[in-house]
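K.L.:
build me a model:
(one chain, ligands or ions: 1)
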Amino acid sequence: MRALAEARTNIALVKYWGKCDPQWNLPAVPSLSLTLDGLTTRTEVWLDRQWTADSLIVNDVALHGAPLERASRHLDRVLGPTRPRARVTSWNSFPTASGLASSASAFAALTVAAAAAGGLHLDAERLSILARQGSGSAARSILGGIVVLGVGTPGQPDSARATQLCAPEDWPALRLVLGIVSEEPKDTPSTDGMNHTAMTSPYYGPWLAAAPGDLRQAVEAVKKRDLEALGTVAERSALRMHASALAADPAVVYLRGATVEGLHAIRALRAAGVPAWFTCDAGPHPKALTDARYVAQVAAALARVDGVRRTLSAAPGAGARLLEEAP
Ligand code: DP6
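P.N.:
I've put the predicted structure just below:
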């Protein structure tokens with residue numbers, strides 16, 4: 001059996017940073033994200049009882065070691081331990097070298113393709129619970145538009161799933177502008193960064209305490225389509241996440257010069273009347289939430305930042321979907 005699926009990456013506006021149960025990959029905080037159009041992963045899963053090992057090819061390169069093991073574990077999770085071996089082939093529509101390759105679109109597409117190849121017809125709720133166990137942010141890429149991933153209850157694998165708050169067509173003017181930073185240092189993977197923060201940062205407790213309030217305000221803002229209110233929470237949530245990581249011992253520092261200059265550029269634009277709010281993930285790229293009318297101005301401001309090589313902008317995108325299924 002063979003199946004091809006696609007999923008888009010997403011950017012959290014209220015960040016997921018920390019697990020309450022690492023075994024089931026249950027988030028310790030709720031998060032809210034925007035699925036991005038145009039930043040797509042397509043994944044084909046081919047199952048055959050005659051094969052003796054799994055293989056994984058991403059953008060025409062065969063991967064071994066940790067990435068292959070992580071994919072194999074995920075296939076076990078979706079299809080059960082007695083499953084046939086798989087050939088997984090994956091393509092990103094965005095350049096992997098840009099540092100935007102994300103576990104979110106990868107595990108969402110892998111979950112949908114693996115389930116279909118195995119003859120399982122799972123609903124979005126089930127798919128998001130499975131995708132979350134591969135990577136927390138992947139649960140959100142199962143759905144399109146603005147998505148909430150709930151907080152988990154330790155020991156209950158089904159306790160955190162994604163739900164859609166707003167479909168892409170319900171807020172079509174929303175945009176995320178991404179500044180791609182040229183020098184790409186080897187980052188601390190987000191799993192390691194958040195676990196280390198949880199274990200060593202004195203600011204992790206306050207981060208956990210503030211997160212539910214951030215989610216509540218973001219949900220209210222989305223319901224009212226209030227960009228200013230949503231942007232204000234998004235910028236705050238990103239900076240609080242980084243503050244908790246910076247206070248870890250030793251510090252987890254994702255921010256580079258261009259990231260911080262990007263933040264100042266966005267704030268300067270805002271002071272000049274342009275609605276734009278900063279966000280940033282477990283990497284150096286400054287990003288901004290804005291409205292379609294201001295994309296050119298926001299992109300130009302980020303492009304002027306030293307170290308930003310180029311910019312991309314993305315509208316709200318659709319959820320993961322199955323493209324082909326064949327015996
Ligand atoms: C900073 O989903 O990559 O992007 O569950 O350990 O795979 P794992 O983590 P991952 O973490 C994403 C962290 C973030 C914020 C976010 O997307 O919410």
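K.L.:
and residue 34, which of the three is it?
P.N.:
Look at residue 34: counting by DSSP: H, G, I helix; E, B strand; the rest coil, its state is strand.
K.L.:
meant to ask about residue 74, not that
P.N.:
Assignment for residue 74 (three-state DSSP): helix.
K.L.:
how about residue 42?
P.N.:
Three-state call for residue 42 (three-state DSSP): strand.
K.L.:
where does the stretch 1-150 of the chain dip in pLDDT?
P.N.:
Scanning the stretch 1-150 of the chain for pLDDT under 70 picks out 95-99, 101.
K.L.:
got the residues of it near the ligand?
P.N.:
Residues of the stretch 1-150 of the chain lying close to the ligand by C-beta under 6 Å from any ligand atom are 12, 15, 16, 17, 25, 31, 103, 135, 136, 137. Using the backbone N, CA and C atoms, a C-beta is placed for each residue, glycine as well.
K.L.:
any idea which element the closest residue to the last one other than its chain neighbours lies in?
P.N.:
Going back to what we said before, that points to residue 137. Nearest residue to residue 137, sequence neighbours excluded (C-beta to C-beta, 6 or more residues apart in numbering): residue 104, at 4.0 Å. Using DSSP states H and E, residue 104 sits within helix 103-117.
K.L.:
off-centre distance for that helix?
P.N.:
With C-alpha atoms, centre = their mean, to the nearest Å as the basis, helix 103-117 stands 14 Å off its chain's centre.
K.L.:
check stretch 78-88 too.
P.N.:
With C-alpha atoms, centre = their mean, you get 25 Å for stretch 78-88.
K.L.:
give me the residue from the stretch 151-300 of the chain nearest the ligand.
P.N.:
Closest contact between the stretch 151-300 of the chain and the ligand, by C-beta to the nearest ligand atom, is at residue 191 (3.3 Å).
K.L.:
sorry, back to before: right, and the helix or strand after the helix holding residue 104?
P.N.:
helix 124-134.
K.L.:
which strands and helices sit next to that next one?
P.N.:
Other helices and strands packing on helix 124-134, by 3 or more C-beta pairs under 8 Å, 6 or more residues apart in numbering; DSSP states H and E, are helix 66-79, helix 103-117, helix 138-141, strand 162-166.
K.L.:
now the next helix or strand after the last one: average pLDDT?
P.N.:
What it means is strand 162-166. Next in sequence after strand 162-166, counting helices and strands by DSSP H and E, comes strand 174-181. Across strand 174-181, the average pLDDT comes to 96.
K.L.:
report the inter-axis angle for strand 174-181 versus strand 162-166.
P.N.:
120 degrees (axes from the mean of the first three to the mean of the last three C-alpha atoms, to 10 degrees).
K.L.:
buried residues, strand 174-181. List them.
P.N.:
Of all the residues in strand 174-181, those buried under the rule 16 or more other C-beta atoms under 10 Å are 174, 175, 176, 177, 178, 179, 180, 181.
K.L.:
again, but for stretch 196-203
P.N.:
196, 197, 198, 201.
K.L.:
where does the second one sit: helix, strand or coil?
P.N.:
Judged by three-state DSSP, the three-state class of residue 197 is helix.
K.L.:
return the residues in contact with it.
P.N.:
Listed by C-beta atoms under 8 Å, 6 or more residues apart in numbering, the contact partners of residue 197 are 17, 18, 204, 207, 244, 245, 247, 248, 252.
K.L.:
give me the number of residues near the third one?
P.N.:
The burial count assigned to residue 204 is 21, neighbours taken as other C-beta atoms under 10 Å.
K.L.:
ditto for the last one
P.N.:
Taking other C-beta under 10 Å as the neighbour definition, residue 252 ends up with a count of 22.
K.L.:
repeat for the fourth one
P.N.:
Residue 207 is surrounded by 24 other residues when neighbours are defined as other C-beta under 10 Å.
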